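*Asks:* Please work out how this folds:
(2 chains)
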Protein chains: 2
Amino acid sequence: MASQSDRKATVIDGKAIAQTIRSEIADEVRQLSQIYGKVPGLAVVIVGSRKDSQSYVAMKRKACAEVGIKSFDVNLPEEVPESELIGKVHELNANPDVHGILVQLPLPKHINEEKVLGEISLEKDVDGFHPLNIGKLAMKGRDPLFEPCTPKGCLELLSRSGVSIKGKNAVVVGRSNIVGLPVSLLLLKADATVSIVHSRTPDPERLVREADIVIAAAGQAMMIKGSWIKSGAAVIDVGTNAIDDPTKKSGYRLVGDVDFEEASKVARWITPVPGGVGPMTVAMLLRNTLDGAKRVIEK
Amino acid sequence: MASQSDRKATVIDGKAIAQTIRSEIADEVRQLSQIYGKVPGLAVVIVGSRKDSQSYVAMKRKACAEVGIKSFDVNLPEEVPESELIGKVHELNANPDVHGILVQLPLPKHINEEKVLGEISLEKDVDGFHPLNIGKLAMKGRDPLFEPCTPKGCLELLSRSGVSIKGKNAVVVGRSNIVGLPVSLLLLKADATVSIVHSRTPDPERLVREADIVIAAAGQAMMIKGSWIKSGAAVIDVGTNAIDDPTKKSGYRLVGDVDFEEASKVARWITPVPGGVGPMTVAMLLRNTLDGAKRVIEK
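*Replies:* Numbering: from 1, shown residues only, chains lettered A, B, ... in the order given. Okay, here's the model as predicted:
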């Protein structure tokens, strides 16, 4: 472990920031309920019994309950026909008490994910993954109805830590539809100079070394070394990778895409894994659900 | 003028490449006509009498005629009500002989451009500017119905000049919805490492200096100096800027965003202005119209 003395970076406490945001959301939900007698509703759909999916879904449902968002639970068996799942989505689209619909991924192989996600009403696409939302996210002068949760959480961590983005040199490692690509687009809209490096980049460290802001979303355990980080940078680590650790009862521990111990000696800000970006994703999902509900209820 | 001897770069002849593409398109149009008895149709809508718009529109209509694409001319007066323009778009959407609809921009101030463009049927959005098309362009595993013409033309110039993109370091100068942003997304999909610099970038030369591929789309006359260019780079200059030139009868000449004379001594490939990207935009518009028509006619 790096001792406190040789760590230079402020560790961004995602858990604490997420908790603050959840309190803010709870307050707004309470106001909405007092004024209009209505609360936001989030449908969380899970197909099958994957352990990891079940634990994510349980977490999301619990988070809803804590802030007063009504959670609509849809649990479907592994072998559910695609048409039945789509029928369920249509039902939720039509339900005026549901303001957000989340279909937990991955879906079983016999189901076309793109097709199912495409059936979710744009107004309830709280994940923000609909191509129309992504297009509006990309385009100057347009705004999506919802920004994807994890990218939005990354920017929120920066802004709540006092890190300005405008004119900064930002490097995003990874170009997934879920994180790397949309976070690049958000940073560009926030006036950062943005570079995107990925699995086909022969020398990712070249660009990372010059970054004022690094968003690591490659899904490669500790690929980003301390020597890659520019002194004074802000490092947001989206990676969550399990690596063997015989000292743990479980036999593994979670690490990010960044070598935290090394990088925290060089960076000015850094997020830990776990406890950095992770808690923000759920907080942003609640935020999106609340915003979607306000658009309907306050109208 | 740089003499032939100190010019290192191959000048990419956009006019000649565009002509080749137009011949290819003419062949395909002929085949389509022979097999199905139908030809592609492009509606070009112009509102008002701006000189520049009229000359672009005339050029596009003439280009259609040359390759056998039927052009549907819609000329509306400057003061046409928005509703009437939208009505016209709906009419063209419904016309089975029209496979592409292009509304020449800019529109008069009393008309909401975003609203009008949003009314064009996705299947006929040959400009590729609909946010759903842009979203699909951005997302891995998705494909837009049409790629925007100028960005597509830039990649076509690279591929027809034998410049590979995969794994290369590409820098895009400018982030407009029309060129900078979509060309960045296309380069990323083609596996380049992509950096986007823009008006808020304090030191654009820092990234440009390391670029294997430079796409200049800033709209700033000769802002990119020869000293910014990496030896051996491919430089695609999208800029078309008029600067004073008393030696010309017109009093001005057109220059790009790149200092051509300087850059051509360092780069390996470079496009001239005019005669580089410009002719490709129209060629790609014809290509998109043909592709749109084939989707309908061959179905």
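*Asks:* Quick check: residues of the stretch 51-200 of chain A near chain B?
*Replies:* Residues of the stretch 51-200 of chain A lying near chain B by CB under 8 Å from any CB of the partner chain: A:114, A:130-142, A:166-167, A:175-177, A:181, A:185, A:188, A:191-198, A:200. Backbone N, C-alpha and C define where each C-beta goes, glycine included.
*Asks:* Report the buried members of these.
*Replies:* By neighbour count, with 16 or more other CB atoms under 10 Å in any protein chain shown, those hold A:130-139, A:175-177, A:181, A:185, A:188, A:191-198, A:200 as buried.
*Asks:* Okay, now the unreliable bits of the stretch 151-299 of chain A?
*Replies:* Across the stretch 151-299 of chain A, nothing is flagged by pLDDT under 70.
*Asks:* could you pull out the strands for it?
*Replies:* For the stretch 151-299 of chain A, applying DSSP state E, counting those that start in this stretch gives strands covering A:169-173, A:193-197, A:213-216, A:234-237, A:241-244, A:252-255, A:269-270.
*Asks:* try the stretch 1-150 of chain A
*Replies:* With DSSP E, counting those that start in this stretch, the ranges of strands along the stretch 1-150 of chain A come out as A:10-11, A:41-47, A:70-76, A:100-103.
*Asks:* now, of the ones you listed, which is deepest in the fold?
*Replies:* Of all those, strand A:100-103 has the most neighbours on average by mean count of other CB atoms under 10 Å in any protein chain shown, namely a mean of 27.
*Asks:* Show the average pLDDT along it.
*Replies:* Averaging pLDDT along strand A:100-103 gives 97.
*Asks:* Output the longest helix belonging to chain A.
*Replies:* Using DSSP state H, we find that the single longest helix of chain A is helix A:14-36.
*Asks:* Now do the domain split for chain A, please.
*Replies:* Domain assignment for chain A by automatic domain parsing gives A:37-121, A:148-278.
*Asks:* okay, those, which one's buried deepest?
*Replies:* domain A:148-278 (a mean of 21).
*Asks:* Now for A:Pro106: which residues touch it?
*Replies:* A:50, A:53, A:113 (CB atoms under 8 Å, 6 or more residues apart in numbering or on different chains).
*Asks:* picking up where we left off before, tabulate the strands of the stretch 1-150 of chain A (CSV), appending distance to B:Gly14.
*Replies:* As requested, the strands of the stretch 1-150 of chain A are exported to CSV (distance: least, CB to CB, whole Å):
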stretch, distance to B:Gly14
strand A:10-11, 51
strand A:41-47, 51
strand A:70-76, 54
strand A:100-103, 46
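*Asks:* among the ones you listed, which is nearest A:Ile229?
*Replies:* With CB to CB as the measure, strand A:10-11 is the member of the strands of the stretch 1-150 of chain A nearest A:Ile229 (14.0 Å).
*Asks:* and the closest one, what other elements does it pack with?
*Replies:* strand A:269-270 (3 or more CB pairs under 8 Å, 6 or more residues apart in numbering or on different chains; DSSP states H and E).
*Asks:* how does it look with 6 Å?
*Replies:* Counting contacts by 3 or more CB pairs under 6 Å, 6 or more residues apart in numbering or on different chains; DSSP states H and E, strand A:10-11 is packed against no other helix or strand.
*Asks:* What are the contacting residues of the longest helix of chain A?
*Replies:* Residues outside helix A:14-36 that contact it (CB atoms under 6 Å, 6 or more residues apart in numbering or on different chains) are A:39, A:67-68, A:160, A:271, A:275-277, A:279-280, A:283, A:286, A:290, A:297.
*Asks:* try it again with 8 Å
*Replies:* Helix A:14-36 is contacted from outside by A:38-40, A:63, A:66-69, A:153, A:156-157, A:160-161, A:271-272, A:275-280, A:282-284, A:286-287, A:290, A:293-294, A:297-298, using CB under 8 Å, 6+ apart.
*Asks:* export it as PDB, just CAs?
*Replies:* Presented in PDB, the C-alpha positions along helix A:14-36 are these (Å, rounded to 0.1, in the frame of the first residue of the first chain):
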ATOM      1  CA  GLY A  14     -17.700   8.200  -5.200                       C
ATOM      2  CA  LYS A  15     -19.600   6.500  -2.500                       C
ATOM      3  CA  ALA A  16     -20.000   9.700  -0.500                       C
ATOM      4  CA  ILE A  17     -20.800  11.800  -3.600                       C
ATOM      5  CA  ALA A  18     -23.400   9.300  -4.700                       C
ATOM      6  CA  GLN A  19     -24.900   9.400  -1.300                       C
ATOM      7  CA  THR A  20     -25.200  13.200  -1.500                       C
ATOM      8  CA  ILE A  21     -26.800  12.900  -4.900                       C
ATOM      9  CA  ARG A  22     -29.200  10.300  -3.600                       C
ATOM     10  CA  SER A  23     -30.200  12.700  -0.700                       C
ATOM     11  CA  GLU A  24     -30.800  15.400  -3.200                       C
ATOM     12  CA  ILE A  25     -33.000  13.100  -5.300                       C
ATOM     13  CA  ALA A  26     -34.900  11.900  -2.200                       C
ATOM     14  CA  ASP A  27     -35.700  15.600  -1.400                       C
ATOM     15  CA  GLU A  28     -36.900  16.200  -4.900                       C
ATOM     16  CA  VAL A  29     -39.000  13.100  -4.900                       C
ATOM     17  CA  ARG A  30     -40.600  14.200  -1.700                       C
ATOM     18  CA  GLN A  31     -41.500  17.600  -3.100                       C
ATOM     19  CA  LEU A  32     -42.900  16.000  -6.200                       C
ATOM     20  CA  SER A  33     -45.100  13.800  -4.100                       C
ATOM     21  CA  GLN A  34     -46.300  16.700  -1.900                       C
ATOM     22  CA  ILE A  35     -47.100  18.900  -4.800                       C
ATOM     23  CA  TYR A  36     -48.500  16.500  -7.400                       C
END
